[in-house]
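Visitor: Curious how this folds, go ahead:
(2 chains)
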There are 2 protein chains.
Amino acid sequence: MEGVDHLAHERNKSEFDVDAMKIVWAGSPHAFVVSDRISKLVASDPGFRKDNRSTLSRKELFKNTLRKAAYAWKTIIDLHLSEEEAAKLRFYVDEPAFTDVHWGMFIPAIKGQGTEEQQQKWLPLAYKMQIIGCYAQTELGHGSNVQGLETTATFDPQTDEFIIHSPTLTSSKWWPGGLGKVATHAIAYALLIVGGREQGVHGFIVQLRSLEDHSPLPGMTVGDIGMKFGNGAYNAMDNGVLRFDHVRIPRNQMLMRVSQVTCEGKYKQSDVPRQLVYGAMLYVRQTIVADASCALSRAVCIATRYSAVRRQFGSQNGGPETQVIDYKTQQSRLFPLLASAYAFRFVGEWLKWLYADVTQRLQANDFSTLPEAHACTAGLKSLTTTATAVKQIVSPSSSSRWSPSEEESLPVEDKSLEERLDGIEECRKLCGGHGYLCSSGLPELFAVYVPACTYEGENTVLLLQVARFLMKTVSQLGSSKKPVGTIAYMTRVEHLMQCRCGVQRGFAELSADLVEAAVAHCQLLVVSKFIEKLQQEIPGKGVKQQLEVLCNIYALFLLHKHQGDFLSTGCITPKHAALANDELRSLYSQVRPNAIALVDAFNYTDHYLGSILGCYDGNVYPKLYEAAWKDPLNESVVPDGYHQYIRPLLKQEIRTARL
Amino acid sequence: MEGVDHLAHERNKSEFDVDAMKIVWAGSPHAFVVSDRISKLVASDPGFRKDNRSTLSRKELFKNTLRKAAYAWKTIIDLHLSEEEAAKLRFYVDEPAFTDVHWGMFIPAIKGQGTEEQQQKWLPLAYKMQIIGCYAQTELGHGSNVQGLETTATFDPQTDEFIIHSPTLTSSKWWPGGLGKVATHAIAYALLIVGGREQGVHGFIVQLRSLEDHSPLPGMTVGDIGMKFGNGAYNAMDNGVLRFDHVRIPRNQMLMRVSQVTCEGKYKQSDVPRQLVYGAMLYVRQTIVADASCALSRAVCIATRYSAVRRQFGSQNGGPETQVIDYKTQQSRLFPLLASAYAFRFVGEWLKWLYADVTQRLQANDFSTLPEAHACTAGLKSLTTTATAVKQIVSPSSSSRWSPSEEESLPVEDKSLEERLDGIEECRKLCGGHGYLCSSGLPELFAVYVPACTYEGENTVLLLQVARFLMKTVSQLGSSKKPVGTIAYMTRVEHLMQCRCGVQRGFAELSADLVEAAVAHCQLLVVSKFIEKLQQEIPGKGVKQQLEVLCNIYALFLLHKHQGDFLSTGCITPKHAALANDELRSLYSQVRPNAIALVDAFNYTDHYLGSILGCYDGNVYPKLYEAAWKDPLNESVVPDGYHQYIRPLLKQEIRTARL
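Guide: Numbers count the residues shown, from 1 in each chain, chains lettered A, B, ... in the order given. Here you go, the predicted structure:
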């Protein structure tokens, strides 16, 4: 059994060059080499083992996460890893930890919002992990609405200090990762009060714990907020609660790149263009889009491989049953997700290019493409994370993810979003009953990646920003300003806009429809970037052909899914809809022989996948069987509790038992 | 804060008699009294505490479940509870346990499939819990397809015994609840072999463990299959694995009500009408429909109350922010679920009546309504569990749930099903970020109730049975046999069937469409039974009016959701669709002031709900804050692991640290 590849017959069927596809997926030969090397390094080191996570108690799990974080840091130092490699290592360790927030939020916030002086003071400490930071924004009673935060920072000119205070229970900081037990410092957001006047919410660097013995500093009540959804998953993270009781910090610990408070108690704006802040935001959001394709592809890889292993019904003359992946209904659920994983990958790649382009322009004081770039990244971040339910991992070299754009004040949540692909959970269902076992990897993947849609609660806010951008574009259609780039298609709807304008209602009332329009715009983006990708040279036998099939599946699946909209607006006829469905079925048949190779191209190690159902060699059942015996309950044949609770039942002695 | 009702202003708004609605919900004054008494009894007894479940390790959790099961049995005996009350008590204890399977599957299987003699021998032992049973059907490599099971039962006429054997690894029994650590006996399903001939799959009573010391009997390899999705949840259950190595059992332990093996080795059918077996199946399925409305209503109760407590955005002049429940987009997601909970409740009530009616007829040898009753229960079981993702709790007095109808050989899974309401998870999302905390109760509710859709993997099989019934009805439309009852409406489509019959494809190829037709038929049932309910006398001020609003929401929401189908078939015009949407919005406004009272009518205790977000008094934030400190991580201020793993980071001593 050792070494036999039970999926070899599937791999032999494939009609394209898998190694070439691996490079397409990775983005470049260099990116492939780095990912391949680091993922194998992590996978082969028992110090990064993660298959036991679901059986650990909260304390054991958390302590083990502390150990892994330290071990990862030691590995990075010992092997002299580059920043790119270190980021990849943390990625492949694949465990939520305080380090995510330190590198992904604390450091970027200082880089984005701190002055040169502040950066020089704090960044070297943070880069060496001599301090560990967290990002304390949300409060018990306040999530997305940053302007509603209750924590106050009152300037005291007498001592040249700010007094940070939690005036109510609901103003307690709540949720920040790393805050509960680890972080020594926080970027805390608070309503600035200077000379009795409120000046909006600003960020402050606040030391939380002693650097000598780790005890909380005076005036801080701090702890963990308790268990979260899932086995392992975010329970490895110490999401925290924090109440300030008149905590004093020096004036120079307010992040003052954009606004300042002088020692005389004057509040003023700096001359730093606010737009630079948006540039940083774009970076963060484009990395989130890239991460969405990672998470989705992982779930798709597991579901695809297990669908080839699993057999159900259809046995003929005592022969083996039919592979589940051969059922049309399985294909019609699985292959659109496979296509989505690729589609998100390529649109993420394009966003990365867009970010680089905008950055160059910003440096030359050209802000002209910023609104379009902002709309693209905001919309795609929302679309892809919703479709995947993705965790928002932020890469270490990224900049801030605090969002000054939170001024958007409509907490509209979008029904249509929820109806869309819920990729990971759908993959779990596609694995049948065994997807419910932790050893399938899917429950933890789901639990880890699901928060993004509610956690920061802003996906719809982002879509409304896209909608505003679209409305503005439409309103300018008559003028000399012609829409270009991703909104060039709007010139074609110009006449339509003139024909029908019976709408009498306001933006807020129509918000649900506007969100749908924004989603449609973003979907158009995803499809067109996939098509553009196919217009490039793509080396490797059969690689381009496979991608063409996936692109067509993605587009036709959307058409099918939204056929109600297309039909009711007269864009297609019922006949068209039926033809599109026929074509979709035929495309599924073309994907079928290549399905395993298409997920092999992700190049995920068994360690990273963390799923017996998705293991590379397809030897699922012996591995499931073997894994079962490792459960703590199997440590003894007769379970603890037999003598007290089972035997008295069987022996009819329950009335006198001590329970 | 103690005793203050933070939702009093909401309760004062309601326009109907909540106490009268409680009786409507419960089904009768008697049912209300029993539920009310038993749920309060459980809630007030610290022995049934469940708020600590998510922090327990697997072994602690399991041992505590053993204790509760024993304690529940002691309570039942001490208080001389009736069978109805005992069932309610187990229901309100609200923890998956081996007793579910003992009462819900083991005993019913013996009642349904055992001979009189077998029932007399085994049932008294089981009723007193002198033996504890499980239901060992599924295997590691075989789920829904019962006819594909590999375990064999070979008759040995020499010793008058069956030899039960697992010939392969994939034939290991896998998943049965109670098997892993507790059950002393199993109903094991195996392929019967008599005189060298295979005679299909049958059930056998097999003793697993010694009644003296609980050790597995010779030839049994038995254990737990390991951790499952979620915190607490089904990890309280010892789902098990079992391999037989030529285990011998007496011939009279084959369940022989329908088929027998004689001591001479003859296989024969008894003269018991097979239809009686179907009658038992109907009972089980109708209880599952009733349970779906329980699970969904529980999630809806939590989401509705917290939507009234939670405020986001919309603050005017420094006043409080807007209650989330006042946002139209929140209403458009929440209120259809509220309407569904009521709709499922009433259709469940009707199914109960249908079962009683069919039972009477069967006893008079009238099998005429059986096909229709079978189609109704099968379809509604599938529909409501999919919409809720409900756990299949089976009531103690029910009969067997092994399904002789598993001969259906199409493992079609239905995409359209997955797109439907996924009630519990949707409610979790409606609670924003805090729904991700275990103390919200929603993660565990989701994890407990989600298996039904994949666990037994047969919802689509059931729908295909419904589709076959519909096709048969259609094929008879021209004949003298007129459709009556729930299919009476078909006479109206007669002419349509004659106009269009261009379909050339077979049943299997069109299975996805047939499943959709079956779902539509079932939805029609739900709506029409809701309407019929409203044609009855319903006492209580405003009660009927509220139910009318909910009924209209349910129907129009379906129309909206499936408008693609209605539009493409020309049943409605885009104008109709728009009007329906306007009406839906107006209905949401009518529900709004009554929303809290409509969930109060479920009469759930805070113990049963198990959710801080859903607590009756709405005092959510102080309770969340207080609960956080109970997490094991908060036992010490400085976390375990600080000295080994955090301090070396901060002090730059990582290279020499022992990790």
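Visitor: Do you know the pLDDT at residue A:89?
Guide: Looking at residue A:89, its pLDDT is 97.
Visitor: Is it correct that it is in contact with residue A:40?
Guide: No - when contacts are counted by CB atoms under 8 Å, residue A:89 is not listed as touching residue A:40 (11.4 Å). Every residue, glycine included, has its C-beta placed from N, CA and C.
Visitor: ok, the two, which is more surrounded?
Guide: Between residue A:89 and residue A:40, counted using other CB atoms under 10 Å in any protein chain shown, the more crowded position is residue A:89 (20 against 15).
Visitor: ok, the more buried one to residue B:297 distance?
Guide: With distances taken as CB to CB, to the nearest Å, residue A:89 is found 47 Å from residue B:297.
Visitor: Could you do residue A:428 as well?
Guide: 25 Å.
Visitor: got a list of contacts for whichever strand or helix holds residue A:586?
Guide: Element membership of residue A:586 [criterion: DSSP states H and E] is helix A:574-591. Here helix A:574-591 makes contact (CB atoms under 8 Å, 6 or more residues apart in numbering or on different chains) with A:328, A:331-332, A:335, A:338, A:546, A:549-550, A:552-553, A:556-557, A:559-560, A:563, A:566-567, A:572, A:598, B:568-569.
Visitor: let's see it at 10 Å
Guide: A:15, A:304, A:328, A:330-332, A:334-336, A:338-339, A:545-546, A:548-557, A:559-560, A:563-564, A:566-567, A:572-573, A:595, A:598, B:509, B:512, B:564, B:567-570 (CB atoms under 10 Å, 6 or more residues apart in numbering or on different chains).
Visitor: Out of these, which end up buried?
Guide: A:304, A:328, A:330-332, A:334-336, A:338-339, A:546, A:548-557, A:559-560, A:563-564, A:566-567, A:572, A:595, A:598, B:512, B:564, B:567-568 (16 or more other CB atoms under 10 Å in any protein chain shown).
Visitor: These in helices, which ones?
Guide: A:304, A:328, A:330-332, A:334-336, A:338-339, A:546, A:548-557, A:559-560, A:563-564, A:566-567, A:595, A:598, B:512, B:564, B:567-568 (DSSP state H).
Visitor: List the contacts of the closest residue to chain B within chain A.
Guide: Proximity of chain A to chain B (CB to the nearest CB) peaks at residue A:564, 3.4 Å away. Contact analysis of residue A:564 by CB under 10 Å, 6+ apart lists A:577, B:560, B:561, B:562, B:563, B:564, B:565, B:566, B:567, B:568, B:574, B:577.
Visitor: Return the per-residue confidence for residue A:269.
Guide: Per the predicted model, pLDDT is 89 at residue A:269.
Visitor: Can you give me the neighbour number for it?
Guide: 9.
Visitor: now swap in residue A:632 and tell me
Guide: There are 18 residues near residue A:632, going by other CB under 10 Å.
Visitor: Not counting sequence-adjacent ones, nearest residue to residue A:553?
Guide: residue A:339 (4.2 Å; CB to CB, 6 or more residues apart in numbering or on different chains).
Visitor: shouldn't that neighbour be in contact with residue A:387?
Guide: No - using CB atoms under 10 Å, residue A:339 is not in contact with residue A:387, being 11.5 Å away.
Visitor: now the stretch 351-500 of chain A, which segments are flagged as low pLDDT?
Guide: The model of the stretch 351-500 of chain A has pLDDT under 70 over residues A:389-421, A:452-458, A:494-500.
Visitor: can you check chain A too?
Guide: Looking at chain A by pLDDT under 70, you get A:1-2, A:144, A:277, A:280, A:389-421, A:452-458, A:494-505, A:508-509.
Visitor: can you map out the strands along it?
Guide: Applying DSSP state E to chain A gives strands spanning A:133-136, A:152-156, A:161-165, A:173-174, A:185-194, A:197-207, A:220-224, A:240-244, A:247-250, A:259-261, A:267-269.
Visitor: In a markdown table: those strands, plus distance to residue B:371.
Guide: Converted to a markdown table, those look like this (distance: least, CB to CB, whole Å):
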| stretch | distance to residue B:371 |
| --- | --- |
| strand A:133-136 | 62 |
| strand A:152-156 | 70 |
| strand A:161-165 | 71 |
| strand A:173-174 | 56 |
| strand A:185-194 | 65 |
| strand A:197-207 | 66 |
| strand A:220-224 | 57 |
| strand A:240-244 | 59 |
| strand A:247-250 | 73 |
| strand A:259-261 | 75 |
| strand A:267-269 | 77 |
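Visitor: where do the helices sit along the stretch 251-400 of chain A?
Guide: Listed in chain order, the helices of the stretch 251-400 of chain A (DSSP state H, counting those that start in this stretch) span A:274-309, A:328-363, A:370-388.
Visitor: among those helices, which is nearest residue B:153?
Guide: helix A:274-309 (27.5 Å; CB to CB).
Visitor: Buried residues in the closest one, which are they?
Guide: A:276-309.
Visitor: Also stretch A:459-469?
Guide: Quick answer for stretch A:459-469 (16+ other CB under 10 Å): A:459, A:460, A:461, A:462, A:463, A:464, A:465, A:466, A:467, A:468, A:469.
Visitor: Then stretch A:244-264?
Guide: A:244, A:247, A:249, A:251-259, A:261.
Visitor: Repeat that for stretch A:623-637.
Guide: A:623, A:624, A:625, A:627, A:628, A:631, A:632, A:633, A:634.
Visitor: just stretch A:360-369 next, same as before
Guide: Within stretch A:360-369, judged by 16+ other CB under 10 Å, the buried ones are A:361, A:362, A:369.
Visitor: Among these, find me the one that's closest to residue A:659.
Guide: Closest approach between the buried residues of stretch A:360-369 and residue A:659, by CB to CB: residue A:362, at 69.3 Å.
Visitor: was I right about that closest one contacting residue A:281?
Guide: No - using CB under 10 Å as the test, residue A:362 is too far from residue A:281 to be in contact (11.9 Å).
Visitor: what about residue A:188, how many neighbours?
Guide: Neighbour number of residue A:188 under other CB under 10 Å is 27.
Visitor: mind listing what it touches?
Guide: Per CB under 10 Å, 6+ apart, neighbours of residue A:188: A:134-137, A:149, A:151, A:153, A:164, A:173, A:176, A:179, A:202-206, A:208, A:242, A:244, A:247, A:249, A:253.
Visitor: Quick check: the gap between it and residue B:313.
Guide: With CB to CB as the criterion, residue A:188 and residue B:313 are 22 Å apart.
Visitor: Same check on residue A:286?
Guide: Distance from residue A:286 to residue B:313, by CB to CB: 27 Å.
Visitor: swap in residue A:568?
Guide: 31 Å.
Visitor: same question, residue A:588
Guide: 44 Å.
Visitor: for residue A:297, same thing?
Guide: 35 Å.
Visitor: residue contacts, the residue nearest to residue A:96 when sequence neighbours are not counted?
Guide: With sequence-adjacent residues excluded and distances taken as CB to CB, 6+ apart, residue A:96 is closest to residue A:237, at 4.4 Å. Residues in contact with residue A:237 (CB under 10 Å, 6+ apart) are A:61-62, A:65, A:95-98, A:100-101, A:176-182, A:224, A:228, A:448.
Visitor: Apart from its chain neighbours, what residue comes closest to residue A:75?
Guide: residue A:89 (6.7 Å).
Visitor: And residue A:16, by the same measure?
Guide: residue A:542 (3.1 Å).
Visitor: Same check on residue A:441?
Guide: Using CB to CB, 6+ apart, the closest residue to residue A:441 is residue A:611 (3.0 Å).
Visitor: Having no further points to raise, I will conclude here.
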